[in-house]
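> need a structure here:
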Amino acid sequence: MTTDFDIVIAGGGLNGPALALALADAGLSVAVADARPAEARAGDAFDGRAYALALASQRLLAALGLWPELARHAQEIRRVEATQGVPGSGPGPFGLHFDGAEIEEGRLGYMLEDRFLYRALLAAMAGRVTHLPGVSVTGQQPEAAAIRSTLSDGRALVSRLLVGADGRQSGVARRAGIKRLGRDYGQIALVAAVDHDLPHQGTAHQFFMPGGPLAILPLPGNRSSIVWSEPEASAREIMALSDAQFLEVLRPRFGDFLGEIRLAGPRFCYPLNLTLAERYVAPRVALVGDAAHGVHPVAGQGLNLGLRDVAALAEVLVAARRRGEDIGTDPVLARYQDWRRPDATLLALGMDGVNTLFSNGNPLLRAAREIGMGLVDALPPLRRGFMRQAAGLSLEPMPRLLTGRPL
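Prediction:
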């Protein structure tokens, strides 16, 4: 059957373009339907949105040829401090202290702003991938040897495979009959960036508060990104405050260890929930990123989980093509699902458990949590194991792209 492309990807956020580049570099023809106009996120203005990139994710970006440009905008994460606390009291006496010097890589990951990562992906797609900004996939019909995707502008594209990289409310998954499991956390994440007087030394902080965790993540210069989870009612009240009032509420939680703080850009918020697709594949369909697993941001692993999907799916599809297989058939797609679903589900449920365990003020649980964190911190082999897991270095088998090697 004549096809327009080998693969059509619904979703032009981050995972979709990364997958498109990996596949295009291996000789497959790819189109990306991106619902937002290209210029919507490619501007020069700083807006505070940033990602914690695991070392494995950074290596994938290097394999795609993006890291030389991105490196000058990235901030190394050299240490992570995770402690309990209540507003105004400072951190508790016990916590987890992860130092990148304890692992051979010498660092735990990087912080990178959304605008730089998206811009690099957008530039790299030019000439390598058919990028369709301002259109979305609105319909799909699998056929014997292909799948027909209908676009919002009325066009139809025929491909061997349709990939859903279209987020937690994935239309591709819904139309494929893939059901979802999950729950609402009753929390909203408040996201912003702050400038501070003192240097952060490349240290990321995770404060576990009764209402939800507060992550303070280092950006280049004396600036940090915050991801602050609060119960819904409280979060809405805080978001309605002026910038000055917002800072007054934040300061007792943030503390004074970095000196005076000031907002460095706009504030964002989004509701938090857990949503897991029951399957990652359907006839001529595969899901990646939040379309497959939307997780709590407590460990900053959402994008990293998506890039693990990208690396695994790209490797499965390229290997199948080189063997002469039809890349959209059930046996090929089952290899991807079997590779990714156990790891992603385990991590998603683990983050769910951490948020549930720590987002309360029960004094008995607080004492037990501090003892547990103190024990982990006192055992170097266990501590290093946690660090390698967070850095994405303990996957078995490890996809080639996550080791920095092209397909």
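> mind checking the SS state of residue 324?
At residue 324, secondary structure determined by DSSP: H, G, I helix; E, B strand; the rest coil is coil.
> swap in residue 157?
strand.
> likewise the one 4 residues further on?
Secondary structure of residue 161, reduced to three states by three-state DSSP: strand.
> tell me who's in contact with the nearest residue to it once chain neighbours are set aside.
Spatial nearest neighbour of residue 161, chain neighbours left out: residue 328 (4.1 Å); criterion: Cβ to Cβ, 6 or more residues apart in numbering. Using the backbone N, CA and C atoms, a C-beta is placed for each residue, glycine as well. Residue 328 makes contacts with 145-147, 159-161, 284, as judged by Cβ atoms under 8 Å, 6 or more residues apart in numbering.
> return the member of those residues nearest to residue 311.
Distances from residue 311 to the contacts of residue 328, taken as Cβ to Cβ, are shortest for residue 161 (16.6 Å).
> before we move on, back to that, against residue 320, how distant is the residue nearest to residue 161?
Here the criterion is Cβ to Cβ, to the nearest Å. By it, residue 328 lies 9 Å from residue 320.
> now residue 147
Separation of residue 147 from residue 320 (Cβ to Cβ) stands at 16 Å.
> neighbour count: those two, which is higher?
When residue 147 and residue 320 are compared for neighbours, residue 147 comes out ahead with 23 against 19, by other Cβ atoms under 10 Å.
> tell me if I'm right that that one and residue 163 touch.
No. Counting by Cβ atoms under 8 Å, residue 163 is not a contact partner of residue 147; they are 10.3 Å apart.
> shaky segments in the stretch 151-300 of the chain?
Scanning the stretch 151-300 of the chain for pLDDT under 70 picks out the ranges 299.
> 80 - rerun?
Residue ranges of the stretch 151-300 of the chain with pLDDT under 80: 298-300.
> show me the strands in it, by range?
Applying DSSP state E, counting those that start in this stretch to the stretch 151-300 of the chain gives strands spanning 156-164, 180-196, 203-209, 212-219, 223-231, 261-263, 268-277, 281-282, 285-287, 293-294.
> and these as a markdown table, adding mean neighbour count and distance to residue 37?
Below are those laid out as a markdown table (neighbours: other Cβ atoms under 10 Å; distance: least, Cβ to Cβ, whole Å):
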| stretch | mean neighbour count | distance to residue 37 |
| --- | --- | --- |
| strand 156-164 | 24 | 19 |
| strand 180-196 | 19 | 22 |
| strand 203-209 | 23 | 33 |
| strand 212-219 | 24 | 26 |
| strand 223-231 | 23 | 25 |
| strand 261-263 | 17 | 27 |
| strand 268-277 | 18 | 19 |
| strand 281-282 | 24 | 29 |
| strand 285-287 | 28 | 24 |
| strand 293-294 | 26 | 24 |
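> to residue 349, which of those lies closest?
strand 268-277 (8.3 Å).
> partners of that closest one in the sheet?
strand 180-196 (antiparallel), strand 293-294 (antiparallel) (DSSP bridges).
> what about stretch 22-32, how long is it end to end?
13 Å (Cα to Cα, to the nearest Å).
> buried ones in that stretch?
By 16 or more other Cβ atoms under 10 Å, the buried positions in stretch 22-32 come out as 22-26, 28-32.
> would you turn these into a markdown table with secondary structure and pLDDT?
Shown next, in a markdown table, are these (DSSP: H, G, I helix; E, B strand; the rest coil; pLDDT from 0 to 100):
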| residue | secondary structure | pLDDT |
| --- | --- | --- |
| 22 | helix | 98 |
| 23 | helix | 98 |
| 24 | helix | 98 |
| 25 | helix | 96 |
| 26 | coil | 97 |
| 28 | coil | 98 |
| 29 | coil | 97 |
| 30 | strand | 98 |
| 31 | strand | 98 |
| 32 | strand | 97 |
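> tell me which of those residues is nearest to residue 60?
residue 22 (8.0 Å).
> which residues touch the closest one?
60, 63-64, 310-311, 314, 318, 401, 407.
> on that earlier part again, and the residue nearest to residue 161, that one's in a strand?
No. Assigned with three-state DSSP, residue 328 falls outside any strand and is coil.
> measure it to residue 385 for me?
Taking Cβ to Cβ, one finds residue 328 at 38 Å from residue 385.
> residue 228 too?
28 Å.
> same deal with residue 31?
As for residue 31, its distance to residue 385 is 41 Å (criterion: Cβ to Cβ).
> what is the neighbour count of the residue nearest to residue 388 when sequence neighbours are not counted?
Leaving out its chain neighbours, the residue that sits closest to residue 388 by Cβ to Cβ, 6+ apart is residue 394, at 4.8 Å. Burial measure for residue 394: 14 neighbouring residues, criterion other Cβ under 10 Å.
> residue 394 and residue 384 touch, don't they?
No. Counting by Cβ under 8 Å, residue 394 sits too far from residue 384 to count as a contact (10.3 Å).
> picking that back up, mind checking which of the contacts of residue 22 land in helices?
Judged by DSSP state H, the subset of the contacts of residue 22 located in helices is 60, 63, 310-311, 314, 318.
> export those residues to CSV and append columns for neighbour count.
Converted to CSV, the ones in helices among the contacts of residue 22 look like this (neighbours: other Cβ atoms under 10 Å):
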residue, neighbour count
60, 29
63, 23
310, 31
311, 30
314, 31
318, 20
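> redo those residues as a markdown table? Include pLDDT.
Listed next are the ones in helices among the contacts of residue 22 as a markdown table, based on pLDDT from 0 to 100:
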| residue | pLDDT |
| --- | --- |
| 60 | 98 |
| 63 | 97 |
| 310 | 98 |
| 311 | 98 |
| 314 | 98 |
| 318 | 98 |
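> so where do the helices sit in the stretch 51-200 of the chain?
In the stretch 51-200 of the chain, the helices defined using DSSP state H, counting those that start in this stretch lie at 55-63, 67-70, 114-125, 171-175.
> give me whichever of those helices is most buried.
Among these, helix 55-63 has the highest mean neighbour count (mean count of other Cβ atoms under 10 Å), at a mean of 25.
> residues in contact with it?
Contacts for helix 55-63 (Cβ under 8 Å, 6+ apart): 18, 22, 53, 67, 70, 74, 105, 107-110, 120, 303-304, 307-308, 310-311, 391-393, 395, 398, 400-406.
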